[in-house]
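Colleague: Sequence and predicted structure below; questions after.
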Amino acid sequence: MSGVLLWVVGPKGNAASLFNLGPRTSKKQRRPRSYPRARVVSVVSAISSSVVSPSRSSVDRVYEVVLKQAALVREQRREKALDVKKPEEAEGSTGGDLLNEAYERCGEVCAEYAKTFYLGTLLMTPERRRAVWAIYVWCRRTDELVDGPNAAHITPKALDRWEKRLNDLFEGRPYDMFDAALADAVSKYPVDIQPFKDMIEGMRLDLRKSRYMNFDELYLYCYYVAGTVGLMSVPVMGIAPESKASTESVYNAALALGVANQLTNILRDVGEDARRGRIYLPQDELARAGLSDADILRGKVTDKWRGFMKEQIKRARKFFDEAEKGVVELDAASRWPVMASLLLYKQILDAIEANDYNNFTRRAYVGKAKKLMSLPVAYGRALVGPSTDG
């Protein structure tokens, strides 16, 4: 089950394969970067302390990745403050016609499958939007491995090969034009490989696991398939220079949005997933509500189901609320597309309620009129400046 990309956009969808669009590019060695390790400044993330309380083991595992990503971005911000510029970021540098073509193709894929978000990326600087497109395509291709037209033939070994290909990509050895675009992007921004590897781990879970015993397990899965994309994209979208928020808090917000969007996917697709043999709902919480897998497979809306769904939606909204705190800390050009997509995705929860919690046979969606009405609201909220308190 796919997550969401760049805080906001789900790469899910049945599309033509993106795996054979060009020959392997020539190898380009990438200079290793050196960044200091982060120091733990907080032992409790905003997610676990103010939203939910899953087992510390899952939160701690995820927060270690958050700290590492935050350290990379902090170093980048220090360099910008000192006006330090790496050779590959010099003014006027280009990757050549082939690289430009690769980025343009990534943009075309984003425009086709994530139209609203694509329009928002046009507000970003050219370099940022190209990097965002490249990340989008990689996440979409990864998702297609287990949810695409060839999913039935995917094995753990295939995912192992995909991870090896990822390692090569980060070392400057891309296999095709899409890889080349991402390899170039990660050489320009402080993007670490771990969130990409963790997303692949989420795909492995989908191959071997179809039930989640508690929210601790589900939280980790949501991080793997969706929270990771926030960690991938924050370095590209950028934090506002005037922001006084800690880098860790912005990353926690990005993580919260990924989890919120994935929980929304799960609640929207209960019936569809059940017909595929997957139930992404905490088994212990179902039992406490007097429900079982049999009730889900039966697909009948009851008072017990309504009560259960109300609690699940309440939790997802808390994650959205936590996420919104971080959007205003982003660079001004990145706030509007993220805020717009956050508000649009959050409305799916309203649609589930409007359907009387029937997510067995009715798919909750946000109509075009509501989407259009949300855009100026999102723009207004995006104009709110970042925090000024240290």
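Modeller: Cool, the structure landed.

Colleague: lowest-confidence helix or strand of this structure?
Modeller: Using mean pLDDT, DSSP states H and E, the weakest-scoring helix or strand in the chain turns out to be helix 46-50, at a mean of 37.

Colleague: For residue 234, grab phi and psi.
Modeller: phi -60, psi -40 (degrees, to the nearest 10).

Colleague: Where does the nearest residue to it once chain neighbours are set aside sit: helix, strand or coil?
Modeller: Using Cβ to Cβ, 6 or more residues apart in numbering and skipping residues adjacent in sequence, the residue nearest residue 234 is residue 254, 5.1 Å away. Yep, even glycine has a C-beta here, placed from its N, CA and C like the rest. Here residue 254 is helix, with the state taken from DSSP: H, G, I helix; E, B strand; the rest coil.

Colleague: Poorly predicted segments of the stretch 1-150 of the chain, please.
Modeller: Scanning the stretch 1-150 of the chain for pLDDT under 70 picks out the ranges 1-57, 69, 76-95.

Colleague: Mind jotting down where the strands sit in the chain?
Modeller: Per DSSP state E, the chain carries strands over the ranges 211-212, 279-282.

Colleague: what residue lies at the spatial centre of this protein?
Modeller: residue 229 (2.9 Å; Cα atoms, centre = their mean).

Colleague: Which pLDDT value does the model give that residue?
Modeller: Looking at residue 229, its pLDDT is 93.

Colleague: Surely it is in contact with residue 139?
Modeller: Yes: assessed by Cβ atoms under 8 Å, residue 229 is found in contact with residue 139 at 5.9 Å.

Colleague: the helices in the stretch 201-350 of the chain, which residues?
Modeller: Applying DSSP state H, counting those that start in this stretch to the stretch 201-350 of the chain gives helices spanning 215-222, 228-237, 247-268, 270-275, 283-288, 293-298, 303-327, 332-354.

Colleague: For the longest one, enumerate the helices and strands it packs against.
Modeller: This points to helix 303-327. Counting by 3 or more Cβ pairs under 8 Å, 6 or more residues apart in numbering; DSSP states H and E, the packing neighbours recorded for helix 303-327 are helix 46-50, helix 247-268, helix 283-288, helix 332-354, helix 368-382.

Colleague: Can you point out the buried residues in that helix?
Modeller: Neighbour counts over helix 303-327 (16 or more other Cβ atoms under 10 Å) mark 305, 308-309, 312-313, 315-320, 322-327 as buried.

Colleague: Now the residue nearest to residue 301 when sequence neighbours are not counted, what are its backbone angles?
Modeller: Leaving aside its chain neighbours, residue 301 sits nearest to residue 358 (5.0 Å; criterion: Cβ to Cβ, 6+ apart). When read as degrees, to the nearest 10, the backbone of residue 358 gives phi -90, psi 90.

Colleague: let's number from 660 now, not from 1
Modeller: Yes, from this point I'll number from 660; that puts the last item at residue 1017.

Colleague: and residue 1017, how many neighbours?
Modeller: Under the neighbour criterion other Cβ atoms under 10 Å, residue 1017 is assigned a count of 19.

Colleague: And it, how close does it get to residue 843?
Modeller: Distance, residue 1017 to residue 843, by Cβ to Cβ, to the nearest Å: 46 Å.

Colleague: Enumerate every residue touching residue 1003.
Modeller: Applying Cβ atoms under 8 Å, 6 or more residues apart in numbering, one finds that residue 1003 lies in contact with 775, 1025, 1030, 1033.

Colleague: per-residue pLDDT, the third one?
Modeller: As predicted, residue 1030 sits at a pLDDT of 82.

Colleague: wait, what's in contact with it?
Modeller: Going by Cβ under 8 Å, 6+ apart, residue 1030 touches 775, 1003.

Colleague: okay but residue 1007 is in contact with residue 1022, surely?
Modeller: No: using Cβ under 8 Å, residue 1007 is not in contact with residue 1022; the gap is 9.6 Å.

Colleague: Show me which of these two is the more surrounded one.
Modeller: Shown here are residue 1007 and residue 1022; by other Cβ under 10 Å, residue 1007 has more neighbours (19 against 14).

Colleague: Return the distance of the more buried one relative to residue 1044.
Modeller: For residue 1007 relative to residue 1044 (Cβ to Cβ), the value is 29 Å.

Colleague: before we move on, what about residue 925?
Modeller: For residue 925, the distance to residue 1044 equals 34 Å [Cβ to Cβ].

Colleague: Then residue 733?
Modeller: Counting by Cβ to Cβ - residue 733 and residue 1044 are separated by 21 Å.

Colleague: same check, this time on residue 1013
Modeller: Using Cβ to Cβ, one obtains 34 Å as the distance from residue 1013 to residue 1044.

Colleague: residues in contact with residue 790?
Modeller: By Cβ under 8 Å, 6+ apart, the contact list for residue 790 reads 844, 847-848, 895.

Colleague: 6 Å - rerun?
Modeller: Counting by Cβ atoms under 6 Å, 6 or more residues apart in numbering, residue 790 touches 844, 895.

Colleague: swap in the one 4 residues further on?
Modeller: Residues in contact with residue 794, defined by Cβ under 6 Å, 6+ apart, are residue 891.

Colleague: Let me know whether residue 1021 touches residue 1014 as I believe.
Modeller: Yes: contact criterion Cβ atoms under 6 Å: residue 1021 and residue 1014 qualify, at 4.7 Å.

Colleague: Can you give me the neighbour number for the nearest residue to residue 927 once chain neighbours are set aside?
Modeller: With Cβ to Cβ, 6+ apart as the criterion, residue 927 has its nearest non-adjacent residue at 5.1 Å, and that residue is residue 1023. Around residue 1023 there are 20 other residues, counting by other Cβ under 10 Å.
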